[in-house]
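Novice: have a look; sequence and predicted model below, questions after that.
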Amino acid sequence: MDVKAYLSILRIGDYRLLWSALVLNLLGDGATYAALAWITLEKAGAAGLGVLGVCLTLPVIAGGAIVGPLLDRFSRRKLFIYDSIFRGAVVALIPVLAVAGVLEAWHLYVVALVYGLLKIIPLAGTPAVLPELVPADKLQAASGLEATAMGAANVLGPPIGAGLIALFGAPNVLVLDAATYLLFAFLISRIKAPLARPEPSGEAGSQQRKPGWTPVFLLIVRDRFLLVLTLSFGAFNVSAGALVVAIPWLTKFEFGSGPGVLGLMLAVMAAGELIGSLVSGAVETSERQMLRIGVLQLLSGAVLFLLIPTALPWILLGLALNGILSAPMTVLGGVVRMTRVPNEMRGRAMTLMRTVMAGALPAGSALGGVLLSGSHYTGLIFVVAALATAPGVLTVVLFRNTPFRLEVTAADDQRAQRDSDPDDAGTVPAAS
């Protein structure tokens, strides 16, 4: 692991501002999930927790359809700032309602819906702007630190949330999240890079200049790197969505414990993700990038079987290993996506791919809610482990001998194929 890669990337002022903003914002989100889950358990039980998980994740699909084109048509800086201010105000409504004594479960669901609807803005917007802030040879380090920001914030967020729940009550944890949204907006406003509406590159084809989703969909479908990544990560996220429900359920109904154990499990999993992100971001990009991703997915799915014994040490071990192995998938996959998608399509492409992947989370949450309502915990773990593992096997088989060529897009691949095949000279080029 080369620590110099991280030190080098953090010397870039604009990237440092973006990374700091992400840490602060995600720190509040980590604490908020613990608070929302605990309030929901108290008011609506396991079934309500399943509803909350769906509300947090399902709207990402609708949000992606709206946000993707916006990221390619308007200033990305303004979208970041407006989104942060609005969502911070919405989150702040929960402690206000709690103080007024009128807080109900449906209020939590509404806040979760708004959060899920708009969270695709930073989720897709961050990788869309990274190539504007850092040079191409530092993208893996930048992607690694982005994932590290998520891991670090999640490690600290749940314990902070658990501590605040114990001291002041769960609704007050949301005050922290509201404040981090405002800090995020301020730090983004200090970035010197334009983060403006992207302009088509001089060599871009007509497909790239077309608005809407058709050219983006064609890009992803025709590029097998992007297609396999999107579908396999989507299947893996079904298991992640189930864990969103399973972890609080274990805390309350298997261990009979309080928010401290919930925070411990969330923090252990996040610590594993942090370790995996740190290591993978500092490792040099490999020609066997996709093979690495497949192996990591296979292993991270397999360790979920350690969650079958309902004993806290085994569950903590399984969550830690799952985090360590799954976080590098995000880092390595991010490099593939950022380098194979041109800037003028990056907002829509990142949104579409991340929407498909994040859209699998509510399926897992719903599955977890249904099975856990019937106390079918072991069956749930078998299902999610299989769903996580199978795509890894497929990726290993498909890409075991396929090199990853940095900055080679789908359009480049098809252009080279046409140049070498005189009978295919009249083919319409693929969108890139």
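Specialist: Yep, that arrived.

Novice: and the residue lying closest to T148 once chain neighbours are set aside, how close does it get to L97?
Specialist: Leaving aside its sequence neighbours, T148 sits nearest to S277 (CB to CB, 6 or more residues apart in numbering; 4.2 Å). C-betas here are computed from N, CA, C, even on glycine. Distance of S277 to L97, computed by CB to CB, to the nearest Å: 36 Å.

Novice: which of those two has more residues huddled nearby?
Specialist: S277 (27 against 16; other CB atoms under 10 Å).

Novice: that one: which element?
Specialist: helix 259-281 (DSSP states H and E).

Novice: tally of neighbours for T402?
Specialist: 14.

Novice: show me what contacts A5?
Specialist: Taking CB atoms under 8 Å, 6 or more residues apart in numbering, we find A5 in contact with 138, 140-141, 281-282.

Novice: which of those are buried?
Specialist: 138, 140-141, 281-282 (16 or more other CB atoms under 10 Å).

Novice: quick check, nearest of these to T402?
Specialist: Distances from T402 to these, taken as CB to CB, are shortest for Q140 (18.4 Å).

Novice: how close does R77 get to Y377?
Specialist: 45 Å.

Novice: isn't the residue nearest to T148 up against A141?
Specialist: No. In this structure, S277 is not within contact of A141 by CB atoms under 8 Å, at 10.9 Å.

Novice: quick check: next helix or strand after the lengthiest helix in the chain?
Specialist: Determined from DSSP state H, the single longest helix within the chain is helix 13-57. Using DSSP H and E, the helix or strand that follows helix 13-57 towards the C-terminus is helix 59-73.

Novice: the next helix or strand after that next one vs helix 59-73, what angle?
Specialist: Under the assignment DSSP H and E, the closest C-terminal helix or strand after helix 59-73 is helix 76-100. Inter-element angle recorded for helix 76-100 and helix 59-73: 150 degrees (by axes from the mean of the first three to the mean of the last three CA atoms, to 10 degrees).

Novice: check the offset of helix 76-100 from the chain's centre.
Specialist: Put simply, helix 76-100 sits 20 Å off its chain's centre (CA atoms, centre = their mean, to the nearest Å).

Novice: and stretch 84-102, by the same measure?
Specialist: In terms of CA atoms, centre = their mean, the centre of stretch 84-102 is set 24 Å apart from its chain centre.

Novice: ok, residues contacting that stretch?
Specialist: In contact with stretch 84-102 (CB under 8 Å, 6+ apart) are residues 25, 32, 103, 107-108, 111, 114-115, 118-119, 169, 171-172, 174-175, 177-182, 184-185, 188.

Novice: sorry, back to before: now, which of the buried ones among the contacts of A5 sits nearest A267?
Specialist: Nearest to A267 among those is G281, at 20.6 Å by CB to CB.

Novice: about what we covered before: tell me what angle the longest helix of the chain forms with helix 76-100.
Specialist: 50 degrees.

Novice: show me what helix 13-57 is packed against.
Specialist: helix 3-10, helix 105-118, helix 120-133, helix 139-168, helix 173-189, helix 224-249, helix 259-281, helix 360-373 (3 or more CB pairs under 8 Å, 6 or more residues apart in numbering; DSSP states H and E).

Novice: ok, the residue nearest to T148 - contacts?
Specialist: Contacts for S277 were tallied using CB under 8 Å, 6+ apart; they are 144-145, 147-148, 150-151, 327-328, 330-331.

Novice: cutoff 7 Å now
Specialist: 144, 147-148, 151, 327, 331 (CB atoms under 7 Å, 6 or more residues apart in numbering).

Novice: TSV for the helices and strands packed on helix 13-57, including distance to V91?
Specialist: Shown next, in TSV, are those (distance: least, CB to CB, whole Å):
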stretch	distance to V91
helix 3-10	29
helix 105-118	6
helix 120-133	14
helix 139-168	13
helix 173-189	5
helix 224-249	18
helix 259-281	19
helix 360-373	19
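
Novice: mind putting the ones you listed into a markdown table with mean pLDDT?
Specialist: Shown next, in a markdown table, are these (pLDDT from 0 to 100):
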| stretch | mean pLDDT |
| --- | --- |
| helix 3-10 | 77 |
| helix 105-118 | 87 |
| helix 120-133 | 82 |
| helix 139-168 | 73 |
| helix 173-189 | 86 |
| helix 224-249 | 87 |
| helix 259-281 | 81 |
| helix 360-373 | 83 |
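
Novice: of those helices, which is nearest A386?
Specialist: If we rank the helices and strands packed on helix 13-57 by CB to CB, the stretch that ends up nearest is helix 224-249, at 8.9 Å.

Novice: quick one: the closest one to helix 139-168, angle?
Specialist: Going by the same axes, to 10 degrees, helix 224-249 makes 10 degrees with helix 139-168.

Novice: mind listing what's buried along helix 224-249?
Specialist: Here helix 224-249 shows 225-226, 228-249 as buried, counting by 16+ other CB under 10 Å.

Novice: stretch 26-42 too?
Specialist: 26-41.

Novice: just the closest of these to D83, please.
Specialist: D29 (13.3 Å).

Novice: for that closest one, which non-adjacent residue is spatially closest?
Specialist: Nearest in space to D29, with sequence neighbours left out and distances taken as CB to CB, 6+ apart, is D177 at 6.2 Å.
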